[in-house]
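Novice: Show me how the following folds:
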Amino acid sequence: MAVYFIVEIKTKNGNEGTYAKYIEQVRPIVEKYKGRYLARGGKITPIFGNWNPERVIIIEFPSEENVKQWLDSPEYKGIAVLREASTITRAIMVEGESG
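Specialist: All right, here's what the predicted structure looks like:
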């Protein structure tokens with residue numbers, strides 16, 4: 001069953017360059033673990049409530065196991081420090097419908 005990794009990012013002031021380095025490196029690592037970007041920082045239009053995030057990323061993976069392998073991989077851990085130092089990040093994983 002597909003799962004969706006959904007991330008909300010807010011860049012810390014003065015750290016845009018560090019986050020840009022993360023962005024440059026993360027895509028091939030996501031793809032190595034069978035992730036596929038569905039949305040990656042495009043235009044955001046608030047609809048309900050008071051939610052207006054700076055950046056949203058949605059990645060589809062074949063399974064929860066693929067997400068875990070990606071997050072635990074040495075390649076990702078090597079660049080995760082860039083994201084952690086430059087952003088406030090909130091993330092969730094959502095199961096897709098089966099059928």
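
Novice: so where do the helices sit in this protein?
Specialist: Using DSSP state H, the helices found in the chain span residues 16-32, 64-72, 74-86.

Novice: Against which helices or strands is the first one packed?
Specialist: Identification of packing neighbours for helix 16-32 by 3 or more Cβ pairs under 8 Å, 6 or more residues apart in numbering; DSSP states H and E yields helix 64-72, helix 74-86. No exception for glycine: its C-beta is placed from N, CA and C like everyone else's.

Novice: Switch those over to a markdown table; also include mean neighbour count, distance to residue 57 and mean pLDDT.
Specialist: Shown next, in a markdown table, are these (neighbours: other Cβ atoms under 10 Å; distance: least, Cβ to Cβ, whole Å; pLDDT from 0 to 100):
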| stretch | mean neighbour count | distance to residue 57 | mean pLDDT |
| --- | --- | --- | --- |
| helix 64-72 | 16 | 13 | 98 |
| helix 74-86 | 15 | 11 | 97 |
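
Novice: would you list those helices in a markdown table and tack on distance to residue 2?
Specialist: Formatted as a markdown table, those follow (distance: least, Cβ to Cβ, whole Å):
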| stretch | distance to residue 2 |
| --- | --- |
| helix 64-72 | 10 |
| helix 74-86 | 20 |
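
Novice: Quick one: closest of those to residue 25.
Specialist: helix 74-86 (4.8 Å; Cβ to Cβ).

Novice: which residues sit against that closest one?
Specialist: Helix 74-86 has contacts (Cβ atoms under 8 Å, 6 or more residues apart in numbering) with 9, 11-12, 15-16, 18-19, 21-22, 25-26, 29, 32, 70, 89.

Novice: So for residue 96, which of the helices of the chain sits nearest?
Specialist: Of the helices of the chain, nearest to residue 96 by Cβ to Cβ is helix 64-72, at 10.8 Å.

Novice: Tell me how far that closest one lies from the chain's centre.
Specialist: 12 Å (Cα atoms, centre = their mean, to the nearest Å).

Novice: how big is the angle separating that helix from helix 16-32?
Specialist: When axes from the mean of the first three to the mean of the last three Cα atoms, to 10 degrees is applied, the directions of helix 64-72 and helix 16-32 differ by 140 degrees.
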